[in-house]
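Participant: Predicted model follows, preceded by the sequence.
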Amino acid sequence: MLIKSKRGWEIPERDATPEAAYLSRRSLLGAGAGLIGAGLLPAGALAQRAADVPDPSAGLYPAKRNPRYTLDRPLTPEKDASTVNNYYEFGTNYDVGKAAAKLKVRPWTVTFDGLVEQPRQVGIDDLLKAMPLEERVYRHRCVEAWSMAVPWTGFPMKALVEYARPLSGAKYVRMETFLDRAVAPGQSGRFYPWPYVEGLSMAEATNELAFLVTGIYGKPAPNQFGAPLRLATPWKYGFKSIKAIVKFSFVAEQPKTFWEGIQSSEYGFWANVNPQVPHPRWSQATEKDIATGERRPTLLYNGYGEFVSSLYDDPAFKGQKLFM
Ligand SMILES: Nc1nc2c(c(=O)[nH]1)N[C@H]1C(S)=C(S)[C@@H](COP(=O)(O)O)O[C@H]1N2
Ligand SMILES: [Mo]
């Protein structure tokens, strides 16, 4: 596959992915961070393979598929989806599976804080017991114009919001990824505002499509997919789908996200998929299927308009950059 066979700096400028292009500039400037990010330097010796630890949630899979969500294309084979992953904590090419396997995903504590009745912490397996697990087939559209379609297992984010009991002053949910430079070599890249942060408005977070993912292909998610807990918001560009979440903070102000901190003119907060709004450096009109290499037209809201377009009807959105 083109995407994974070349490192960012080997791709001609016209093909370069934005994220890779940004990084290759940075690695020229900076301190070997690119080498570490690209997985050319060894990761921390303390790291432990996830496979050494039996997954206590394995018995929960496979979960029943929710038939409400359907695809207009074949599912991406597991092998393709598992070998083309974006996860900057573990490298800037798409072949991060081995590096990500070193993250310990048990024990794993999830914190709820900010504007909530009572801040609380919960272990991932207790959280899983409290949430209604189901399988959903969703499309996934990266801002770099590739896509896949996969069977996620997880639970609606609405259930998590109810569990967290936010106060009425909460307008946004801010989500944060773990921070551990010893296990995630990419986090030593000092030009990046680690840890990875994402956010949704409360209306988005409680929309039926917003889904928290714990598994894929009928089993617990391998680490490269963002185990043990990641977001899937299929109407938005893939960078909104934050991996390995440790904290949900309920806040009054729109949080500043990781990619906004890097390049806000190119990666905005709302980031809804729209084929008619080009990225400043390339078109978003089409996308490339990671398994077949085939190009297909990109759809408004990635084809999920019936579920989400009304979220943005409010006149307050007028003039805001909803699609970038
Ligand atoms: N913590 C974290 N979450 C992340 C990323 C990342 O680098 N770090 N990459 C994002 C991007 S750009 C995409 S396209 C998706 C990729 O998800 P996948 O590897 O499961 O396809 O994860 C998103 N979530
Ligand atoms: Mo992405």
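Facilitator: Structure received. Ligands and ions are numbered 1, 2, ... in the order given.
Participant: Now for the residue in the chain that ligand 1 sits nearest to: which residues touch it?
Facilitator: Residue nearest to ligand 1 within the chain (C-beta to the nearest ligand atom): G238, separated by 2.6 Å. For the C-beta atoms, the positions are set from N, CA and C on the backbone; glycine is no exception. For G238, the contacting residues are N86, H140, R141, C142, V143, by C-beta atoms under 8 Å, 6 or more residues apart in numbering.
Participant: wait, doesn't the third one sit right on T298?
Facilitator: Just to be clear, that refers to R141. Yes. The criterion here is C-beta atoms under 8 Å, and R141 meets it with T298 at 6.6 Å.
Participant: quick one: which of the two has more around it?
Facilitator: Just comparing R141 and T298: by other C-beta atoms under 10 Å the higher neighbour count belongs to R141, 24 against 19.
Participant: give the contact list for the more buried one.
Facilitator: Contacts were defined as C-beta under 8 Å, 6+ apart; by that measure R141 touches S147, P234, Y237, G238, V273, E287, T298, N302.
Participant: Quick one: neighbours of the fifth one, just the number.
Facilitator: One way to gauge burial is a neighbour count; for V273, by other C-beta under 10 Å, it gives 26.
Participant: And the third one, by the same measure?
Facilitator: Neighbours of Y237 under the rule other C-beta under 10 Å: 26.
Participant: what's the answer for the last one, then?
Facilitator: Number of residues near N302 (other C-beta under 10 Å) recorded here: 24.
Participant: swap in the first one?
Facilitator: The local packing count at S147 equals 23, with neighbours defined by other C-beta under 10 Å.
Participant: Just put the contacts of G238 in JSON lines and tack on secondary structure.
Facilitator: Compiled in JSON lines, the contacts of G238 are given as follows (DSSP: H, G, I helix; E, B strand; the rest coil):
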{"residue": "N86", "secondary structure": "coil"}
{"residue": "H140", "secondary structure": "strand"}
{"residue": "R141", "secondary structure": "strand"}
{"residue": "C142", "secondary structure": "coil"}
{"residue": "V143", "secondary structure": "coil"}
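Participant: I'd like those residues written out as JSON lines, with distance to K98 and pLDDT added.
Facilitator: Output for the contacts of G238, formatted as JSON lines (distance: C-beta to C-beta, whole Å; pLDDT from 0 to 100):
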{"residue": "N86", "distance to K98": "15", "pLDDT": "97"}
{"residue": "H140", "distance to K98": "22", "pLDDT": "98"}
{"residue": "R141", "distance to K98": "26", "pLDDT": "98"}
{"residue": "C142", "distance to K98": "21", "pLDDT": "97"}
{"residue": "V143", "distance to K98": "25", "pLDDT": "97"}
